[in-house]
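fold the stuff below for me.
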Amino acid sequence: MRPTFTLFTTLLLAPLAALHAADASSAEVANHSKPAANLLPNPSFEEEAGDGVEGWTSRAWAEKEATRWSVAAPGRSGERCVSIASDRGGDAAWTAVASVQPGDWYRLSGWIKTREVRGAVGALLNIQNMQAVRTRAVSGTRDWTRVATVFQAEVAGLEINCLFGGWGSSTGQAWYDDVVLEHVAEPPDETRAVVAIDTGAPSMLYSPMIFGGFLEHFERQVYGGVFDPGSPLADENGFRRDVLAALKELKVPIVRWPGGCFVSGYHWESGVGKERKPTDDMAWGVVEPNTFGTDEYVELCRILGWTPYICNNAGNGTVEEMRNWVEYCNGNAGRFAQMRRDSGYAEPRNVPIWSIGNENWGQHEIGYKPVEQWAPLVLEAAKAMKQADSRIQLTAAALPSREWTLPLLKAAGDYLDYISIHSYWLPLWGRNDMPDYLTCIMHSESPEKMLGDYIGVLEEAGYRGRIKIAFDEWNLRGWHHPGFPRKTVQDYNDPEVQRLVAAREHNALASQYTMADALFSASFFNACLRHAEDVGMANIAPLVNTRGPLYVYPEGIVRRTHFHAMSMYANELEPRVGKLELEADDLRHGNRSIPVLDGIATVDESGNQWAIALVNRHPAKPAACTIRINDGLLDGEYAALVLAGDSPEAFNDIENPNRVTPQKKTLTFIKGAVDLPPHSLTIVKVLLK
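From the prediction side, this is the model:
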């Protein structure tokens, strides 16, 4: 999970406010007023009780016999602390009970140190009987790190966990100390953050495919999107020139095609050759013209510099059909290689990455299969596809859970290079709600948790480091398609079918795509970059129209807010992820909270040029941010690119296409401190002397 900020040397044990105690307007996290009473028993674990500590009990949810609970010395601030360790993997805790007043607000905080903690969530504090309340987790190897969260109590008695593992099993060892549960008079609304960058720590090369895209034969993503023969804006091949130019700005390295639910009913031979006929799109209840098929897709990839990535039909298709598609694209000999030549393409198309199936784990999908059927099918398909071209890389559709992934990898893991997961955090399939900014932005930490959990599953399966995660469909907003997908051919004259298909136009409402979409996308990228060791690819779904960053209409295009966020990440970051740790105040909405600031630091190969991306999630307040690089505070003027609207609900549309655009700024840091605009993404460039 995302590490919290650990101050170095003497600052490690000091309140963050000590950085600029003399400057009340500076950007660090200030001292709170006189601390409230700690409601936890024996919070520093100094009082022993037998083999344990007074007021705390050990518990396990998995692998109890493989887990070690101990009282360790020294502690962070005293003689003792508590520890949990497991070599094989454990899901365990030290637990205490505290009495609170339902409806009141409380802060849970503490300090955690880790050594080689891997898998599941990691080490954190949480509330057993209020599962939504948890601090950020600490994993890997970290010195003492403060974690905290603010919440509103729902019950009178709370079970407070010093948790190890969490929703899965972790290995390694974690230490816990100075745990505090304190009453706060009202939920604080501060916007302070401290960022620490260690330029001497190893950096990690990340895959540019994290900034990938996805196109499906749905609505106007392909037809009327990238491909619009007859349009005065199209070139001689039917591709929209304005769309091509805009997509080049994003430097998208890879695009997954042709679906999506569509592909589970798509037979690729219908979309190749010189004589093509329309077919029924059972998934989406429309007619597929087949004028855009494999070769048009590959040509589009060549024009835009995309790596082709084809998803196979594991719904009503066959293993033989999957194998034949590989031969058509990549083969030099055989019936289907000849079919390609007959279509006018003498040389192989060289499609390097293939997916076995889409969401065949779901009963919404044509060709739904439980994992007991799915795992052997993936194995059979992988073998057949590799026989057609042994050089290809393969991924397979999976639910991001151990129940699904472990059997799949046990059967077919040796044949896979990636494992594909999907998520849309606002499920708008049937009802096109338009939540406000704060409701949307509260989902910003969810990709981090999902990735952390799934990395634990890969670790448990023994494939971490051998198989990368392909997050090959993601978006804040789920696509709106009421009544669909379906699994049979529809009556296209049925008024109800026509009404449901027409309702997909709600995806085009411009006012939905606010600063929340831009900042959620930035935080999604940050999560992938923090887990660059394990995430090999991510594909925003889709790239064009529907919920995509680029809106295309007959007369032109609109770059939505998240287009600009994607462009900034693709063009402004350096190629390696550096070590950045942060601590930030909480942003709350209802009973949910997230850190008000998110950030990532990237660096070039020389280690001198840094690009630091900072996301202020607060809808109305500037974020007072302090940046510390090694033992010094950032000072002086630095070039930055800032994306911020005139309102958190700001959006771009046909009438006002440039309401939200990135602006070049010069930021002045004074003793490390700078104010970041509300609801903004800032990428600041720092050249080390």
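
okay, now the residue nearest to D635 when sequence neighbours are not counted: neighbour count?
Closest residue to D635 apart from its sequence neighbours, by CB to CB, 6 or more residues apart in numbering: F669 at 5.5 Å. The C-beta positions use only the backbone N, C-alpha and C, and glycine is treated the same way. F669 has 19 neighbours, counted by other CB atoms under 10 Å.

list the helices and strands the strand or helix carrying F669 packs on?
Here F669 sits within strand 663-669, counting by DSSP states H and E. Judged by 3 or more CB pairs under 8 Å, 6 or more residues apart in numbering; DSSP states H and E, the packing partners of strand 663-669 are strand 636-644, strand 680-687.

does the closest residue in space to L573 that isn't next to it in sequence count as helix, strand or coil?
Of all residues not flanking L573 in the chain, T602 sits nearest, at 4.4 Å (CB to CB, 6+ apart). Under DSSP: H, G, I helix; E, B strand; the rest coil, T602 falls in the strand class.

I'd say T602 and W610 touch.
Yes. Assessed by CB atoms under 8 Å, T602 is found in contact with W610 at 6.9 Å.

can you tell me the distance between the two ends of stretch 146-158?
Start-to-end span of stretch 146-158 (CA to CA, to the nearest Å) is 21 Å.

run through who's touching it.
For stretch 146-158, the external contacting residues (CB atoms under 8 Å, 6 or more residues apart in numbering) are 4-6, 97-112, 124-125, 127, 129-130, 133-138, 181, 184, 187-188, 583, 586, 588, 591, 593.

select only the buried ones of the residues you listed in ChimeraX?
The ChimeraX selection below is limited to those of the contacts of stretch 146-158 classed as buried (16 or more other CB atoms under 10 Å):
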select :4,5,6,98,100,105,106,107,108,109,110,111,112,124,125,127,130,133,134,135,136,137,138,181,583,586,588,593
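
tell me which residues of the next helix or strand after the strand holding F669 come out buried.
Downstream of strand 663-669, the first helix or strand assigned by DSSP H and E is strand 673-676. Of all the residues in strand 673-676, those buried under the rule 16+ other CB under 10 Å are A673, V674, D675, L676.

list the contacts for the nearest residue to the third one once chain neighbours are set aside?
When the adjacent residues along the chain are set aside, D675 lies closest to P622, with 4.1 Å between them (CB to CB, 6+ apart). Shown in contact with P622 (CB under 8 Å, 6+ apart): T191, N616, D675, L676, P677, P678.

cool, E321 as well?
Applying CB under 8 Å, 6+ apart, the residues contacting E321 are H267, W268, N312, N313.

pull the most distant pair out of these.
H267 and N312 (11.0 Å; CB to CB).

which one of these two is surrounded by more residues?
Set H267 next to N312 and count neighbours by other CB under 10 Å: N312 wins out with 27 against 15.

and that one, how far from D534?
24 Å (CB to CB, to the nearest Å).

repeat that for P678.
The gap separating P678 from D534 is 33 Å, by CB to CB.

do the same with G465
According to CB to CB, G465 stands 8 Å off from D534.

what about those two, which has more around it?
D534 (18 against 10).

tally of neighbours for D491?
10.

surely it meets V497?
Yes. D491 is within contact range of V497, at 6.3 Å (criterion: CB under 8 Å).

please identify the buried residues of the longest strand along the chain?
Looking across the chain with DSSP state E, the single longest strand is strand 81-99. Under the neighbour-count criterion of 16+ other CB under 10 Å, strand 81-99 has 81-86, 89-96, 98 buried.

what's the answer for stretch 41-57, then?
Within stretch 41-57, the residues that count as buried by 16+ other CB under 10 Å are N42, P43, S44, F45, E46, G52, V53, G55, W56.

where along the stretch 151-300 of the chain do the helices fall?
For the stretch 151-300 of the chain, helices defined by DSSP state H, counting those that start in this stretch occupy the ranges 241-250, 294-304.

redo those helices as a markdown table? Include mean neighbour count.
Listed next are those as a markdown table, based on neighbours: other CB atoms under 10 Å:
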| stretch | mean neighbour count |
| --- | --- |
| helix 241-250 | 17 |
| helix 294-304 | 19 |
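
may I see these arranged in TSV, with mean pLDDT as well?
Shown next, in TSV, are the helices of the stretch 151-300 of the chain (pLDDT from 0 to 100):
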stretch	mean pLDDT
helix 241-250	98
helix 294-304	98
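
could you dump those helices to CSV with distance to Q663?
Listed next are the helices of the stretch 151-300 of the chain as CSV, based on distance: least, CB to CB, whole Å:
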stretch, distance to Q663
helix 241-250, 16
helix 294-304, 27
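
ranges for the strands of the stretch 151-300 of the chain?
157-165, 170-184, 192-198, 204-205, 212-214, 254-257, 279-281, 286-288 (DSSP state E, counting those that start in this stretch).

which strands or helices does the shortest one pack on?
This means strand 204-205. When contacts are defined as 3+ CB pairs under 8 Å, 6+ apart, strand 204-205 packs onto strand 576-577.

what is the burial count for the nearest residue to R592 once chain neighbours are set aside?
Once flanking residues are discounted, R592 sits nearest to M442: 4.6 Å by CB to CB, 6+ apart. Close neighbours of M442, defined as other CB under 10 Å, add up to 22.

list the contacts for M442?
H589, R592, I594 are the contacts of M442 under CB under 8 Å, 6+ apart.

low pLDDT regions in the stretch 251-400 of the chain?
Scanning the stretch 251-400 of the chain for pLDDT under 70 picks out no residues.

typo on my end, the chain
1-35, 188.

which residues sit against the helix ranked longest in it?
Once the chain is assigned using DSSP state H, the helix that runs over the most residues is helix 371-388. By CB under 8 Å, 6+ apart, the residues outside helix 371-388 that reach it are 312, 314, 319-320, 322-324, 326-327, 330-331, 354, 356-357, 360-361, 369, 392, 394, 396, 403-404, 407-408, 410-412, 415-416.

whichever of these end up buried, select them in PyMOL.
The following PyMOL line selects those of the contacts of helix 371-388 that are buried, judged by 16+ other CB under 10 Å:
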select buried, resi 312+314+319+322+323+324+326+327+330+331+354+356+357+360+361+369+392+394+396+404+407+408+411+412+415+416
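
just the ones of the contacts of helix 371-388 in strands?
Of the contacts of helix 371-388, the ones assigned to strands by DSSP E are W354, I356, L394, A396.

what's the burial count for M209?
22.

how about it: what's its closest non-neighbour residue?
Using CB to CB, 6+ apart and skipping residues adjacent in sequence, the residue nearest M209 is M537, 4.1 Å away.

now G483
Residue nearest to G483 in three dimensions, not counting chain neighbours: L500, with 4.0 Å by CB to CB, 6+ apart.

and the one you found, what does it touch?
Counting by CB under 8 Å, 6+ apart, L500 has contacts G285, H481, P482, G483, F484.

now do the SS call for it.
helix.

how close does it sit to T488?
The gap separating L500 from T488 is 14 Å, by CB to CB.

which of the contacts of M442 fall within strands?
Counting by DSSP E, the contacts of M442 contribute H589, R592, I594 to strands.

surely the last one and I441 touch.
Yes. Taking CB under 8 Å as the definition, I594 is a contact partner of I441 at 7.4 Å.

what sits in contact with each of those two?
Contacts common to I594 and I441, judged by CB under 8 Å, 6+ apart, are L587, R617.

more neighbours: the two, which one.
I441 (29 against 22).

wasn't D453 part of a helix?
Yes. Per three-state DSSP, D453 lies within a helix segment.

brilliant, that's me finished.
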